[in-house]
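**Q** Compute the structure for the input listed below.
(one chain, ligands or ions: 1)
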Amino acid sequence: MHVHKYERWWMLFGTCMLVVFLTIIGVAAFLDNINPPSGMQRIDPTRVAQTPPFDSPGLHKRADGTYEAYYVAQVFSFTPATLTVPAGSRVTFYVTSSDVVHGFFIPNTAINMMAIPGWVNEQTHTFDRPGEYLLLCHEYCGIGHQNMFAKIEVR
Ligand SMILES: [Cu+2]
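**A** Residues are numbered from 1 along each chain as shown. Below is the predicted model of the structure:
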């Protein structure tokens, strides 16, 4: 079978691009630890305020010295609005929504989740650099969406 040389170059180009894309995905998934959030934990969205631990949202210290941060997203705010985290601490964020789908995004970290009514999503980040981090809703959730943000202070 004869394959024209341009056809061979094009097949080689396509194969190389496939390898490049799979390498980028592999590096992001395994080296940068960027993975889809688990979303395996359920919660009754009508009873979020009465369901522990979301009845007291905020930062909770674990016995091993790491932290859990429980967040409730609702139109058009996050609870807690401000979180103070010690520098260098490893924080696992647990987030749910009590009304509609919201986003949960902290720029300059790998934290990027959806806050979905009925589900609890989680992701972990270590805050090595002190400073003020912005927590943004990046899923359009209604007329006040652009004002939906919170702050994380790392000291
Ligand atoms: Cu929003």
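**Q** just the helices in the chain please.
**A** According to DSSP state H, the chain carries its helices in the segments 5-26.
**Q** quick one, domains of the chain?
**A** Under the assignment automatic domain parsing, the domains of the chain span 1-35, 41-154.
**Q** Quickly compare those and say which is most buried.
**A** Neighbour counts (mean count of other Cβ atoms under 10 Å) averaged over each of these peak at domain 41-154, with a mean of 17. C-beta here means a position set from N, CA and C on the backbone, and glycine is covered the same way.
**Q** got a pLDDT number for Ala28?
**A** Ala28 carries a pLDDT value of 87.
**Q** Could you check how far the residue nearest to it when sequence neighbours are not counted is from Gln123?
**A** Nearest in space to Ala28, with sequence neighbours left out and distances taken as Cβ to Cβ, 6 or more residues apart in numbering, is Ile34 at 4.6 Å. Here Ile34 is placed at a distance of 10 Å from Gln123 (Cβ to Cβ, to the nearest Å).
**Q** Touching both of those two, which residues are there?
**A** Residues touching both Ile34 and Gln123 (Cβ atoms under 8 Å, 6 or more residues apart in numbering): Ala110.
**Q** Centre-most residue in this protein?
**A** Centrality entry for the chain: nearest residue to the mean C-alpha point is Asn112, 2.5 Å, by Cα atoms, centre = their mean.
**Q** Beta-bridge partners for the residue nearest to it when sequence neighbours are not counted, please?
**A** Once flanking residues are discounted, Asn112 sits nearest to Phe105: 5.1 Å by Cβ to Cβ, 6+ apart. Beta bridges link Phe105 to Asn112, Leu136, judged by DSSP bridges.
**Q** Report pLDDT for Phe105.
**A** Here, the pLDDT recorded for Phe105 equals 97.
**Q** can you check the one 4 residues further on too?
**A** Confidence at Thr109, expressed as pLDDT, is 93.
**Q** residue contacts, the spatially closest residue to it that is not a sequence neighbour?
**A** In space, and not counting its chain neighbours, Thr109 is closest to His125: 4.8 Å by Cβ to Cβ, 6+ apart. Contact analysis of His125 by Cβ under 8 Å, 6+ apart lists 90-91, 93, 106, 109-111.
**Q** Okay, His125 and Ala28: tell me how far apart.
**A** Going from His125 to Ala28 by Cβ to Cβ gives 15 Å.
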